[in-house]
Structure formats: structure tokens, C-alpha cells
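Undergrad: Need the 3D shape of this:
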Amino acid sequence: MPNPSFEVFNACPDTNFGNINSANFWFNPSGFSPDYLNSCDTNVVYPYYGVPLNMYGFQFARTGVAYAGIILSYLYGGDSIREYIEAKLIDSLLEGKRYSVSFYVSLGDSSSYSANDIGVFFSNALISSSSPYTLPFIPQIQNNPFLNPLYNKIGWTEVHDTFIAQGGEQYILIGNFKNDANTDTTNLPDGNPNYSPYAYYYIDDISVICLDSTGGIGDFSIDDKINIYPNPSHDYVQIKTENIFINKIEILNLLGEIIFSQSLHLNTTYSIDFSDKGKGIYFLKINASNGTIYTKSIIIN
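TA: Numbers count the residues shown, from 1 in each chain. Alright, predicted model coming up:
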């Protein structure tokens, strides 16, 4: 995931009305208005899009000082008004691979009821619609409203499941994909339906992890074709291949930004110097001559 906890931004939401596009790599896929909330909002009258205090309630970020906010259901809106957030993944999902997907939600204090249906849809193409209503997609990840009700206003509730990718999915879309008639809702005694006839949720810490061989930490081998070692490392990481050549090497940071790129020619070995990149987690992408793109997470300590 790029910018999974919304910490990196291009504009503080105190000046642009909470636009989710203020968070790097995130954008609005439909005709309503998902919010970006950040502690940088220092509005002296009222921090409408601040953290922890904002127009929807009071909640600290689960990680850092920022999160997103969306309406999952709106009683007075009619025709199932919805808000969604969307981002392009760092890399496309691989066919037949199982992925673990998780994120955390917290119900805004001003909400008069909870809407326990939230899902994640992975798309091969960019989703862009002018409609403010329910988007017509079947999410691969769907919260179970009976086993995991989403009415916690004090802390954060995890939504988590796994699925097998069809291959080629490049975009992640989060929101409620059910209409009003099929959305599981619960009226709350501390809500005010005349003031806040909606179910508004904060979202933080979104994770998409491949559970198969491409995603783990440690010395790495793929079908005896590529070896990557040592991992974790202090400085140099070695790549050695058998029966295939390396066409290109890329290193991405946790925000999905390419910080190193090198095209190669008929290479079967390559050494990468991480000593000038600082401690942390990086993603190593290897474009191989057999047409496969291998992705590996690397720890530098």
C-alpha cells in the first residue's frame, strides 16, 4: 500500500475542505466528498478536519497524526448516498496468489447509528464516477456485520480477511458497496438523528500483503530462479539468478516512491548498496527476462 496511514500529504485539509486528494496517492472515485483529516489543521475557531478533534468527533490516529473519513450510510440522503476512497497499489496483484487485507475503522462520535457493512474492491482499472450513490461492484473483502459490528467510537476496530487475486488488480477501493435496504445498521443511544443522520467512519492503517512466496522477510528463493540475500541486511543485498536474466531493478520506499532504478543487460548477479538509504523497510522489484516481475520486501537495520 502507498501511504497506508495517510501521513504524507500535499495540502493541509484546513484550507481545502477535507479533500481526500490532499493525502498523497489517495483520491475520490465518486461524486460525494470523502475527507482527509490531519493534526496540521490549526483553525483557531474550530479544526473541522483536525486530529484528534474534528467536526465528526474526537479520535487520535491509530498511527501518526492523520486518517481518512467516509460516510457509509446517510439516512436523509436518499438513494443510498456513499463515500469511497481509492488508491493505486504499488504493484499489480498476481494471479492465483492469496492476499491478506486489513484496515482499521472508528465510528465518529457525531454518528447517530452504525453501518456495519464496509468492503474492499480491487480493480484492474481506475474507478471514476460522478455518481454520489452506491458503486456497482462486488468487493473481494467484506466485513461480517454479525461477527464484527462496527459501533466502537472509543477505539479502532480491525476489518480483516483474505482472498485469491485474479491477477492484474491495480487499484484499491474502500467503502460500503451495499444499498440502504441491504446495509446492516444499528441505532445508537448517544446519537442525534436530527443533527447527524449518518454513519461516519475514520479509516487508518490499510494493509495488503501477499501470503505466498513473494511477500515474506528472510533470505529468498523463487522456484530456484532468483536468490536474494541477506535479509535483513546492514548494507548490501545480493541478487543471483539461474536460467533467467535481470532486465531491471527498482527500489521503492513505503510510500510507493521509486528511489532507485537500474536497467540491466543479461545480468545474472547484482549487488545493491542500501547503506545510503537509511534503516527501514523497502520493496525490491525485479523485472526478469521470462516476463515475470518479482517483488520482495527488504529490511535494512
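
Undergrad: Residues contacting stretch 117-124, please?
TA: 72, 93, 101, 103, 105, 127, 135, 137-143, 145, 150, 159, 165, 168-178, 182-184, 201 (Cβ atoms under 8 Å, 6 or more residues apart in numbering). (C-beta placed from N, C-alpha, C; glycine too.)

Undergrad: same thing with stretch 165-175?
TA: Counting by Cβ under 8 Å, 6+ apart, residues outside stretch 165-175 touching it are 1, 29, 70, 72, 82-89, 92-99, 103, 118-127, 135, 137, 139, 203, 206, 208.

Undergrad: So for that stretch, what gets flagged as buried?
TA: 165, 169-175 (16 or more other Cβ atoms under 10 Å).

Undergrad: Also stretch 262-272?
TA: In stretch 262-272, counting by 16+ other Cβ under 10 Å, buried: 264, 267, 270, 272.

Undergrad: Where does pLDDT dip in the stretch 1-150 of the chain?
TA: Across the stretch 1-150 of the chain, the ranges flagged by pLDDT under 70 are 15-18, 44, 76-79.

Undergrad: what ranges do the strands span in it?
TA: 26-27, 35-38, 53-54, 57-58, 66-74, 85-88, 98-107, 113-115, 119-123, 141-142 (DSSP state E, counting those that start in this stretch).

Undergrad: And the nearest residue to residue 289 once chain neighbours are set aside, what's its pLDDT?
TA: Nearest non-adjacent residue to residue 289, counting by Cβ to Cβ, 6 or more residues apart in numbering: residue 245, 4.0 Å away. With respect to pLDDT, residue 245 scores 85.

Undergrad: Spit out the contact partners of residue 245.
TA: 264-268, 288-289.

Undergrad: Just the buried ones out of the contacts of stretch 117-124, please.
TA: Among the contacts of stretch 117-124, those buried by neighbour count (16+ other Cβ under 10 Å) are 72, 93, 101, 103, 105, 127, 135, 139-143, 145, 150, 159, 165, 169-178, 183-184, 201.

Undergrad: PyMOL command for the buried members of the contacts of stretch 165-175?
TA: Those of the contacts of stretch 165-175 that count as buried under 16+ other Cβ under 10 Å are selected in PyMOL with:
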select buried, resi 1+29+70+72+82+83+84+85+86+87+88+89+92+93+94+97+99+103+118+119+120+121+122+123+127+135+139+203+206+208
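
Undergrad: pLDDT (mean, whole number) over the strand ranked longest in the chain?
TA: Counting by DSSP state E, the longest strand found in the chain is strand 198-210. Averaged over strand 198-210, pLDDT sits at 91.

Undergrad: how many degrees apart are it and strand 119-123 in direction?
TA: Calculated by axes from the mean of the first three to the mean of the last three Cα atoms, to 10 degrees, strand 198-210 forms an angle of 50 degrees with strand 119-123.

Undergrad: Which strands or helices does strand 198-210 pack on?
TA: strand 66-74, strand 98-107, strand 113-115, strand 171-175 (3 or more Cβ pairs under 8 Å, 6 or more residues apart in numbering; DSSP states H and E).

Undergrad: Just the CA trace of the first one, in PDB.
TA: Extracted C-alpha coordinates of strand 66-74, given in PDB (Å, rounded to 0.1, in the frame of the first residue of the first chain):
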ATOM      1  CA  ALA A  66      -3.800  11.600  10.200                       C
ATOM      2  CA  TYR A  67      -6.600   9.400   8.800                       C
ATOM      3  CA  ALA A  68      -9.300   9.300   6.200                       C
ATOM      4  CA  GLY A  69     -13.100   9.700   6.800                       C
ATOM      5  CA  ILE A  70     -16.100   8.500   4.800                       C
ATOM      6  CA  ILE A  71     -19.900   8.200   5.100                       C
ATOM      7  CA  LEU A  72     -21.000   4.600   4.900                       C
ATOM      8  CA  SER A  73     -24.700   5.400   5.100                       C
ATOM      9  CA  TYR A  74     -26.800   8.600   5.100                       C
END
